[in-house]
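*Asks:* Below is the sequence, then the predicted model.
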Amino acid sequence: MAKVILDAGHGGPEPGAVYEGRNEKDDTLRLALAVGEILERNGVDVAFTRTEDVYDTPFEKAQIANREGGDFLISIHRNSSPEANQYSGVETLVYDKSGKKVELAENINEALSQVGFRNLGVKERPGLVVLRRSQMPAVLVEAGFLNTDADNELFDEQFDAVARAIADGVLKTLGAGSIGAQERYYRVQTGAFRRREYAEDLLYQLLGQNFPAYILYEDNFYKVQVGAFRQLDNAVRMEEALRRKGYSTFLTT
Ligand SMILES: [Zn+2]
């Protein structure tokens, strides 16, 4: 099973960036937990460096990740600029531009840009301890500028979509290579759309009826799927439950 370590940046007495009463450490924790929940729903094993308001140094965080072991470490942060409202957009930082982490960083940026953020690209930051000291491919996502109102608006109003975008970037990267491909999951698909809004309409309808639905962005389609099952029987039972509610379904792996 694929495993991902999520690191919510900063914490405890160290708030990270601060802007008009807003602390980076709170945004990063909320977002990391939301991303983790989506990944878990998609059959990914998730570990967190923190799940509450505590502080560990970036070195300790890399060590937590190394102890856990995993396919990827994703450290979640928000950016800040010297002046308020000076810049906007998302960027993802990597130790160097080699290997799977670059693909992961690009996929996350791309998915976030579809939520509405400017894509500021993938940047090398060999000096960042959390990237340098972790043994698995690691990226640090700067999910918009904390001192830019437009980015905060997007972060708050599209929060679920932001979390899903990061999860989609991870899932796309996991699905693209050999990582995590050893295990086959049966997924029940209820629709595939070119436009995210249509997929979201269906997603919310399914979630409203307590189906464990999620969106998977794959091959340029937003695929609305329900559950990921190791046993074919369980997937078939989910199909039956969905069909009783009037959904058309399609089984995929
Ligand atoms: Zn930060």
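*Replies:* Sure, I can see it. Numbering: from 1, shown residues only.
*Asks:* Counting neighbours, what do you get for residue 124?
*Replies:* Using other CB atoms under 10 Å, residue 124 has 14 other residues around it. The way it works is simple: take the backbone N, C-alpha and C, and place the C-beta from them, glycine included.
*Asks:* Distance check, it against residue 100.
*Replies:* Shown here: residue 124 relative to residue 100, a distance of 15 Å by CB to CB, to the nearest Å.
*Asks:* residues of the helix or strand where residue 201 lies that come out buried?
*Replies:* Using DSSP states H and E, residue 201 sits in helix 196-208. For helix 196-208, burial by neighbour count (16 or more other CB atoms under 10 Å) applies to 196, 199-200, 202-203, 206.
*Asks:* which other helices and strands contact it?
*Replies:* With contacts taken as 3 or more CB pairs under 8 Å, 6 or more residues apart in numbering; DSSP states H and E, helix 196-208 sits against strand 186-193, strand 213-218, strand 221-229.
*Asks:* Quick check: residue 187 touching residue 250?
*Replies:* No - counting by CB atoms under 8 Å, residue 187 does not reach residue 250; the two are 9.2 Å apart.
*Asks:* higher neighbour count, the two?
*Replies:* residue 187 (20 against 13).
*Asks:* My guess is residue 172 contacts residue 219. True?
*Replies:* No - judged on CB under 8 Å, residue 172 makes no contact with residue 219 at a distance of 9.7 Å.
*Asks:* More neighbours: which of those two?
*Replies:* Between residue 172 and residue 219, counted using other CB under 10 Å, residue 172 has the larger neighbour count: 20 against 8.
*Asks:* Can you tell me how far the more buried one is from residue 78?
*Replies:* 23 Å.
*Asks:* The helix holding residue 201 vs strand 186-193, what angle?
*Replies:* 140 degrees (axes from the mean of the first three to the mean of the last three CA atoms, to 10 degrees).
*Asks:* which regions of this structure sit below the pLDDT cut-off?
*Replies:* 176-184 (pLDDT under 70).
*Asks:* And it, split by domain according to the record?
*Replies:* 3-176, 186-252 (automatic domain parsing).
*Asks:* residues contacting residue 62?
*Replies:* Residues near residue 62 by CB atoms under 8 Å, 6 or more residues apart in numbering: 73, 129-130, 132-134, 138.
*Asks:* from the stretch 101-250 of the chain, which residue is nearest to the ion?
*Replies:* The stretch 101-250 of the chain approaches the ion most closely through residue 142 (7.4 Å), counting by CB to the ion.
*Asks:* wait, is that residue part of a helix?
*Replies:* No - using DSSP: H, G, I helix; E, B strand; the rest coil, the assignment for residue 142 is strand, not a helix.
*Asks:* quick one: it and residue 88, what's the gap?
*Replies:* Taken as CB to CB, the span from residue 142 to residue 88 is 11 Å.
*Asks:* Please apply the same query to residue 143.
*Replies:* From residue 143 to residue 88 the distance is 12 Å (CB to CB).
*Asks:* Those two: which is more packed in?
*Replies:* Legend: neighbour count by other CB under 10 Å for residue 143 and residue 88, higher for residue 143 (29 against 18).
*Asks:* Surely that one and residue 77 touch.
*Replies:* Yes - here residue 143 lies in contact with residue 77, judged by CB under 8 Å, at a distance of 7.1 Å.
*Asks:* which bits of the chain sit near the ion?
*Replies:* 9, 16, 77 (CB under 5 Å from the ion).
*Asks:* Find me whatever residue is spatially closest to the last one, sequence neighbours aside.
*Replies:* Using CB to CB, 6 or more residues apart in numbering and skipping the chain neighbours, the partner closest in space to residue 77 is residue 9 (3.9 Å).
*Asks:* in the helix or strand containing residue 26, what's buried?
*Replies:* Assigned by DSSP H and E, residue 26 falls within helix 24-41. For helix 24-41, burial by neighbour count (16+ other CB under 10 Å) applies to 24-29, 31-36, 38-39, 41.
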